[in-house]
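**Student:** no sequence on hand, only this structure:
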């Protein structure tokens, strides 16, 4: 009994295998059986549907289509494993069922070929739900063999470079992307149900703004000017709030010309939303509700397993100011730090590197990053960030050195960032000018002065709360994925060679 899954001892080199498949293709074409000629195949059922609803399908005629992933040749009969987008099902092919000519032509077929099968649903003596073929058609010839031991490849980058092969041979990989689609659909359903309007804003900007990040620069030929791929959605969405849209959101790609890691990709998906007449407290309540609702809708539970951790999204999220977090985890009370010199002395004492441009608030944030972030495993809102690192957030009235801003941390990483939005155009101009000075001094993540946005604010923007949520990190959390590349179908990769 031959097994088409196994490569025989002394098999030819890959280049020869490629030639063998091309020779089979030429032979098929000479016989008038061009596998690329057919344009339509009338499929009436999917593999998973037949297996799950066998009682309804037993004895019925169906048409299925998919890729050959297994082949056991019994001489005058063969068992094929057919994989479609829903799962796998066994195909039983007998020479007297499909005809001698058709059966003989199958000698020119291989693992990976795409076929269509018409036949009767039945259960074999071994209990395997199958389709007994009465006709079988080659719909596409695979000219490159599938890898033998994809799971065992040490070069995991190959899975990301050739995602199409990864999806073929590792069907469980699809689950993360099915869940990703479900997560985005649930986000939309949640926000639409609360009266938010989904909008689209430009990807090409004349200025990079809305976040502290290094942009990608491109060139517009017709206007002969450089433009930036957006690093955030914020400033255009807030223009819409000025224009009278009280609740808006966008889910879109943003681009940051930065390093690549297990949590960072140069392009990623961001959700930003803005609501008039609320503040960061309202955004905290909304964020908590949204994350909890999405998890329960997609996973059926708010208890999320991630590595060795069980993340409880059903329990109320903790709330802690940045000052309190640094006091708790670093043992340093920045409320007792009177000036920048004391802050610098503390940083040196704790071996925290800082730059000459850093103010007291920047150094507080450096303490937070070193001592606190990794401790924030269960969902925790970190409130009231220093004004130095929050150029678009409204100041706290009782302590103007800090802003009405929060970040949501889960598993030691940021998942959301939100403000009571700064709507004072005079204060905003001063912060933009401070950013522009930093940029002139060499900070390539700082922003320029956006005169059009300032003009919009001068028409008046109501008190507004806004939030940004990294969709990819949320998908990582809800699918238990350790790398952002596992939740991006086509992550950014450096070309080989």
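**Tutor:** Done, it's in. Computed from a predicted structure; not experimentally measured. Numbering: from 1, shown residues only.
**Student:** which intervals of the protein have sub-threshold pLDDT?
**Tutor:** 1-14, 149-155 (pLDDT under 70).
**Student:** buried residues in stretch 473-490?
**Tutor:** Buried residues in stretch 473-490, counted by 16 or more other Cβ atoms under 10 Å: 473-479, 481, 484-488. In this view, the C-beta of every residue, glycine as well, is placed from N, C-alpha and C.
**Student:** same question for stretch 287-307.
**Tutor:** Neighbour-count burial for stretch 287-307 [16+ other Cβ under 10 Å]: 287-288, 290-295, 298-299, 302, 304, 306.
**Student:** what count of nearby residues applies to residue 371?
**Tutor:** Using other Cβ atoms under 10 Å, residue 371 has 18 neighbouring residues.
**Student:** roughly how far does it sit from residue 329?
**Tutor:** Separation of residue 371 from residue 329 (Cβ to Cβ, to the nearest Å): 5 Å.
**Student:** check for me that residue 231 belongs to a helix.
**Tutor:** No: if the criterion is DSSP: H, G, I helix; E, B strand; the rest coil, then residue 231 is coil and not within a helix.
**Student:** over to the nearest residue to it once chain neighbours are set aside. Which of the three states is it?
**Tutor:** Distances taken as Cβ to Cβ, 6 or more residues apart in numbering put residue 213 closest to residue 231, at 4.4 Å, once the chain neighbours are dropped. Under three-state DSSP, residue 213 falls in the coil class.
**Student:** quick check: residue 213 vs residue 138, distance?
**Tutor:** 50 Å.
**Student:** check residue 358 too.
**Tutor:** Distance, residue 358 to residue 138, by Cβ to Cβ: 66 Å.
**Student:** could you do residue 105 as well?
**Tutor:** Distance, residue 105 to residue 138, by Cβ to Cβ: 8 Å.
**Student:** just the ones of the buried residues of stretch 473-490 in strands?
**Tutor:** Counting by DSSP state E, these place none of their members in strands.
**Student:** looking at those, which is nearest residue 281?
**Tutor:** Ranked by distance to residue 281 (Cβ to Cβ), the buried residues of stretch 473-490 are led by residue 474 at 21.4 Å.
**Student:** surely that closest one and residue 184 touch.
**Tutor:** No: if you go by Cβ atoms under 8 Å, residue 474 and residue 184 don't touch, sitting 9.5 Å apart.
**Student:** where along the stretch 201-350 of the chain do the helices fall?
**Tutor:** Ranges of helices in the stretch 201-350 of the chain, per DSSP state H, counting those that start in this stretch, are 234-242, 280-299, 322-330, 340-349.
**Student:** now render those as a markdown table, adding distance to residue 248.
**Tutor:** Converted to a markdown table, these look like this (distance: least, Cβ to Cβ, whole Å):
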| stretch | distance to residue 248 |
| --- | --- |
| helix 234-242 | 5 |
| helix 280-299 | 14 |
| helix 322-330 | 28 |
| helix 340-349 | 38 |
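**Student:** from the ones you listed, which stretch is densest packed?
**Tutor:** Highest mean neighbour count of the helices of the stretch 201-350 of the chain: helix 234-242, a mean of 21 (counted as mean count of other Cβ atoms under 10 Å).
**Student:** which elements pack onto that helix?
**Tutor:** The contact analysis (3 or more Cβ pairs under 8 Å, 6 or more residues apart in numbering; DSSP states H and E) places helix 234-242 against strand 247-255, strand 267-276, helix 451-459, strand 464-470.
**Student:** among these, which is the most enclosed?
**Tutor:** Compared across the helices and strands packed on helix 234-242, strand 464-470 shows the largest average neighbour count, a mean of 24 (mean count of other Cβ under 10 Å).
**Student:** can you pull out the residues in contact with that one?
**Tutor:** Residues outside strand 464-470 that contact it (Cβ atoms under 8 Å, 6 or more residues apart in numbering): 232-234, 237-238, 241, 268-283, 286-287, 290, 414-421, 423.
**Student:** redo that, cut-off 6 Å
**Tutor:** Outside strand 464-470, the residues that touch it by Cβ atoms under 6 Å, 6 or more residues apart in numbering are 241, 270-276, 278-280, 282-283, 416-421.
**Student:** can you check stretch 43-50 too?
**Tutor:** Residues from elsewhere that reach stretch 43-50 (Cβ under 6 Å, 6+ apart): 57, 62, 63, 64, 65, 84, 86, 87, 88, 89, 121.
**Student:** does the fifth one touch residue 41 like I think?
**Tutor:** Right, residue 65. Yes: Residue 65 is in contact with residue 41 according to Cβ atoms under 6 Å; the separation is 5.3 Å.
**Student:** need the overlap of contacts for the two.
**Tutor:** Joint contacts of residue 65 and residue 41 (Cβ under 6 Å, 6+ apart) are residue 116.
**Student:** between those two, which is the more surrounded one?
**Tutor:** The neighbour count for residue 65 versus residue 41, taken as other Cβ under 10 Å, is higher for residue 65 (22 against 15).
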